[in-house]
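A.B. asks: Based on what follows, work out the 3D shape:
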Amino acid sequence: MESYFEIRHTVGFEETNLVGNVYYVNYLRWQGRCREMFLVRHAPDVLTELQDDLKLFTLKVDCEFYAELTAFDELAVRMTLVELAQTQVEFGFDYVLVGAGGAEKLVARGAQRVACMRGPNNATRPARVPDSLRLALERYAPVAA
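C.D. replies: This next block holds a predicted model:
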């Protein structure tokens, strides 16, 4: 069983502030990007459902910072499953600076809680997590102690 889903990213100048550090909103963007790439690779039919009436509402997002990132840093964003409920999913995110020779340093940690909803925008209602997404996420389930 895999412990996380990972995307790699090279930080660009446009993601930094005037001081040269990565602007905090980019960490949240990378969470969304990681979640999107997970869907593309492991549950592409959910993308089709999103064009129909499925909605994934982000209920909560957070990020705690341990070290700074700057332009051209190589970053691994690693997504894990924290909780899988009937209508909601909580993801965890580790932001790992990847250095020369494969050295790694945890620079931030975040989380995101998503609710599944269905129906037109003016009448959405909670919906079960799609089966294909549930199955795709099972391989990243936390290991019971």
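A.B. asks: what's the longest strand in the protein?
C.D. replies: strand 104-118 (DSSP state E).
A.B. asks: immediately after that one, which helix or strand?
C.D. replies: Once the chain leaves strand 104-118, the next helix or strand it forms, by DSSP states H and E, is strand 125-126.
A.B. asks: Starting from that next one, tell me which strands it pairs with and how they run.
C.D. replies: Paired neighbours of strand 125-126 in the sheet (DSSP bridges): strand 104-118 (antiparallel).
A.B. asks: Looking only at stretch 116-124, what residues are buried by neighbour count?
C.D. replies: Within stretch 116-124, the residues scored as buried using 16 or more other Cβ atoms under 10 Å are Cys116, Met117, Arg118, Thr124. Heads up, the C-betas are built off the backbone N, CA and C, glycines and all.
A.B. asks: so the third one makes contact with Leu50?
C.D. replies: No. In this structure, Arg118 is not within contact of Leu50 by Cβ atoms under 8 Å, at 10.7 Å.
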